[in-house]
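Participant: build me a model from this:
(chains A and B)
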Amino acid sequence: MTAHTKGSGGDGMKWIGRSIRRLEDPALVQGRGRFTGDLPAAHWVRFVRSPNAAGKIKGVTAPGGAKVITAADLAGVKKITPMLHKFEYRPVGQPILADGEVRFVGEAVAAVVAASEEEAEDIADLVEIDIDDADPLVDSRAAIAAGARQIHAEAPGNVILKGEVKTAGFDDVWAGAAKIVKIDARSNRQNATPMEARAAHAAYDPVTGRVTLHCTTQMPHLMRTAIADCLGMPESDLRVVAPDVGGGFGQKMSLCTEYVLVTWLARHLKSSVAWTEDRRENLIASFHSRDQYITLEAAFDKDAKLLALRADVLSNVGAYSCFPTTSGVEPLMAMAEMPGPYDVQQYQCLARGALTNTCTMAAYRGVSRPVITFTLERLMDKAAKAFAIDPIDIRRKNLITTFPYKSATGLEYDEASYRETMEMAVEAIDVPAFRVQQQAARNKGEYLGIGFATFSERTGYGSPAFAARGMAITPGWETVHVTVDPSGFVEARIGSSPHGQGLRTTLAQIIAEEIGVTPGMIKVVHGDTDTAPYGWGTFASRSLVISGGATLIASRKIKAKLLKIAGHMLEAAETDIVLEDGKAKVAGTDREVTIAAMAREAYTQTHRFKGEIEPGLTESGTYDPPGTFSNACHVAIVRLDAETGHVKVERYLVAEDAGRIINPMIADGQVHGGVVQGIGNALLEEIVYDESGAILTANLADYMPPTAHEVPPIELHHMETPSTQSVTKAKGLGEGGTIGPPAAIVNAINDALTPFGVEIDTIPATPQRIRALLRNATNSALSRESGNPGGPT
Amino acid sequence: MTDKQNITLTINGKDHAITVEPRRTLADAIREDCGQTGTHIGCEHGVCGACTVIVDGAPVRSCLMFAAQAEGKNIRTVEGLASGDTLHPMQQAFMDNHGLQCGFCTPGFLMLAVGVLEREPDISDEALIDVLSSNLCRCTGYQNIIKSVRAAAAEMRK
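Facilitator: Below is the predicted model of the structure:
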């Protein structure tokens, strides 16, 4: 068994495990970042969006002389039609502009082109869309009800996909259970809300006929492939650049119709064309997430040992399917990963995606795991209550402790520290002291609660994991080219496309460690399909594991070659040479040569190698790993105001294990940011549709990401279980922070609500929802004993 | 729309003579007419604060001010924070304390924090969090932004 190391930091390494400052930052703090919206253009686009959720388009009327593009102008442009080859998936196509019919409020119906953004907006205001209204289907349960109007001809019953699993022997185990515990969980809809909304800028080059598309994407190469497909153009005629990208969180990994249209327009007008999304458009028409109903039941034996899980997942996927992941991204991940960190070998699941007249659902940091962790961890707390045992004890009985572990859905869990991180958190938070404080508070009519969430997070998974989902595109591997140039400086070209994760710094640390130069001598180049090798971008907690692995593989080859060159130049055996401080040194002597001198030799004096060493100093690494599981235990302490329903998170603690940490400062930053998005998920953020399919939360005053006010100090504790499924021994950690908070915080809220005898199983747990519960509280025992604990009703 | 007007904006000590519609926001004028793209636009309705600049010593959301209203005033943007190659203590503190990730909200936070600390160098921790809660960041979780601003405050008091 691998040892779990407390704390973090490389084992005697020079660069790995150090919190060096980020190489990205000097430009960004001086306002020298280059974002898509900074580029000037000859033409600007404003989309005219559907005000109706459903209906046939009868006509589009534009003011005279205006340049307005509609579907009729786009003959020959293919629809976006993502594909899954499993799970009864029904491929539905999304036209680049609505074609004859609209399916959600915000769907682009026409594009106005003008010389400035303002002029395009003014004209767009005058464009009239005449729509013959149909009754909208907003809720997923309504959409799959018998007799519901069909949204796409290709998807009968509005079910776009249906996954089912049932392990052999399930029924017998279920029948023999001592206790069944059930939860009906509801996760409402969210928007990832990157601070930079979407933007695209396409410029046609009349000399070459090529188009350069700058856009806010997490996947530049796949955008090139997909847009070239839609437009029927040679892929080599399209260059896609993701310059500085102002956050993505999954929202920017899907192909959007707007980018296809802007590229088409640049070719059509033979000019430059730009579109900058406004915040309202981002909230109503980019991509949404997390809209799920999950019913989860658990069968336990008499000792509270989990025997079996049965789940029904219904995911509202919106009006279309997102590319490349398809609308399977949420329901299928829920199905595959529902059992989480617990030892349970019997499992049954039905997972469906329902098409509705709402904005398309796509990936958002954590994807389904914030929802399934919320559901499962709420269920474990309910089970603890049913068995009258401590919530920690029921987890102690059921967490996986033996590795590798094969899950009921066939996932192989590598070595992790589910139990150890929980114990670390339990010790750090001091539960007994909290219980004393909680009781003292209750005596004064104040309500505190504590909640735990333990979870596993599958990270850094390669192509086989995507193939298992039946995806037509399996965005798994990554390639990195590392070059030492003739001046001795290093450049790494990567297919990943970081946008805030600090990958330029962490990959430089990996290279520096391997070849003995400083990170400051290393430039990591990404985000431009003309210069970076084909790759899949940055998403799914993958880049440090997969691109980092490819970087290490390439760096090892560079190191091997440098040792050979040094052997020639120093007339020494390669095994006697070490690379450090920018030099190759013969151990135990004063003979040395700089990397710059070796690099120069590798390009300009190759005759000296007598054919034994290839000229140049570039090596490639490609990595396609199976996946490695990070884990964490999150603990929240909340204060609930029974009079207003307001919840304040007073303490938040994370004990996490993401294997070897390359840069602790950056790792902590990822956890902080994730946790705060998770706090928003738990308490604040909700996209609300009314019955007509209109969005009531179309600005940042109504859709509320957390501010510095809502955030307690986040206490981090680390454990390192080096991964055996990752060449760098690192596991992914980009999403982990977001996964725990809904579960930990809502468990804490329910702990605080104990005296009232009510429970909340809906996120976000808003003051309105909590007050509604308190008003309807049937358990009045406490109010009889100690006055009215709920205050005014 | 109404006829364009000639105005002069003074940004980081330099005059920019521009011709804009009366409805032109200060944010758009700074970025598009004066070419200073370090100031970012995140919501255009005054909530996120990405467009914060300092106007006559006070942090202002430049998406809520018309360019014409800023004529004759001293406008400072992120491009004017450093003196040559020497970063402002706030910029240095954000780098030292990992106060930024994607960097999109960063110019707004820098100008907000500098503007406030110049007026209230001894601001309490509680009041500082109040101030910082007026801007949104989606990457950092604020913890390291707060840490950065406290570190810079100490440095600026020296």
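Participant: contacts and neighbour counts: CA atoms only from here.
Facilitator: OK.
Participant: where does pLDDT dip in the stretch 651-793 of chain A?
Facilitator: For the stretch 651-793 of chain A, the stretches with pLDDT under 70 are A:778-793.
Participant: just checking, what packs against the longest helix along chain A?
Facilitator: For chain A, the helix with the greatest residue count under DSSP state H is helix A:548-570. When contacts are defined as 3 or more CA pairs under 8 Å, 6 or more residues apart in numbering or on different chains; DSSP states H and E, helix A:548-570 packs onto strand A:478-484, helix A:503-515, strand A:577-580, strand A:583-586, strand A:592-594, helix A:595-604, strand A:618-623.
Participant: for the last one, name the packing helices and strands.
Facilitator: Using 3+ CA pairs under 8 Å, 6+ apart as the contact criterion, the elements in contact with strand A:618-623 are strand A:478-484, helix A:548-570.
Participant: picking that back up, please identify the deepest-packed of the helices and strands packed on helix A:548-570.
Facilitator: strand A:478-484 (a mean of 27; mean count of other CA atoms under 10 Å in any protein chain shown).
Participant: pairing partners for that one, with directions?
Facilitator: strand A:490-494 (antiparallel), strand A:618-623 (antiparallel) (DSSP bridges).
Participant: contacts for stretch A:126-142 next, please.
Facilitator: Stretch A:126-142 has contacts (CA atoms under 8 Å, 6 or more residues apart in numbering or on different chains) with A:48, A:50, A:52-63, A:143, A:148-149, A:314-316, A:354-358, A:689, A:691-693.
Participant: mind listing which of those residues are in strands?
Facilitator: Judged by DSSP state E, strands contain the following of these: A:48, A:55-61, A:314-316, A:354-355.
Participant: how about the helices and strands packed on helix A:548-570 in JSON lines, adding mean pLDDT?
Facilitator: Output for those, formatted as JSON lines (pLDDT from 0 to 100):
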{"stretch": "strand A:478-484", "mean pLDDT": "98"}
{"stretch": "helix A:503-515", "mean pLDDT": "98"}
{"stretch": "strand A:577-580", "mean pLDDT": "96"}
{"stretch": "strand A:583-586", "mean pLDDT": "97"}
{"stretch": "strand A:592-594", "mean pLDDT": "97"}
{"stretch": "helix A:595-604", "mean pLDDT": "97"}
{"stretch": "strand A:618-623", "mean pLDDT": "98"}
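Participant: any chance of those in TSV, with distance to residue A:328 too?
Facilitator: Converted to TSV, the helices and strands packed on helix A:548-570 look like this (distance: least, CA to CA, whole Å):
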stretch	distance to residue A:328
strand A:478-484	23
helix A:503-515	28
strand A:577-580	48
strand A:583-586	51
strand A:592-594	53
helix A:595-604	49
strand A:618-623	25
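Participant: for chain B, what are the nearby residues on the stretch 201-350 of chain A?
Facilitator: A:244, A:245, A:246, A:247, A:278, A:279 (CA under 8 Å from any CA of the partner chain).
Participant: closest one to residue A:388 out of these, please.
Facilitator: Minimum distance to residue A:388 across those is 44.4 Å, recorded for residue A:247 (CA to CA).
Participant: what about residue A:477, neighbour count?
Facilitator: 26 (other CA atoms under 10 Å in any protein chain shown).
Participant: then residue A:720?
Facilitator: 26.
Participant: ok, now the one 5 residues further on?
Facilitator: Using other CA under 10 Å, residue A:725 has 20 other residues around it.
Participant: just name the most buried of the helices and strands packed on strand A:618-623.
Facilitator: Scoring those by mean count of other CA under 10 Å, the most buried comes out as strand A:478-484, with a mean of 27.
Participant: and the angle for it with helix A:503-515?
Facilitator: Inter-element angle recorded for strand A:478-484 and helix A:503-515: 60 degrees (by axes from the mean of the first three to the mean of the last three CA atoms, to 10 degrees).
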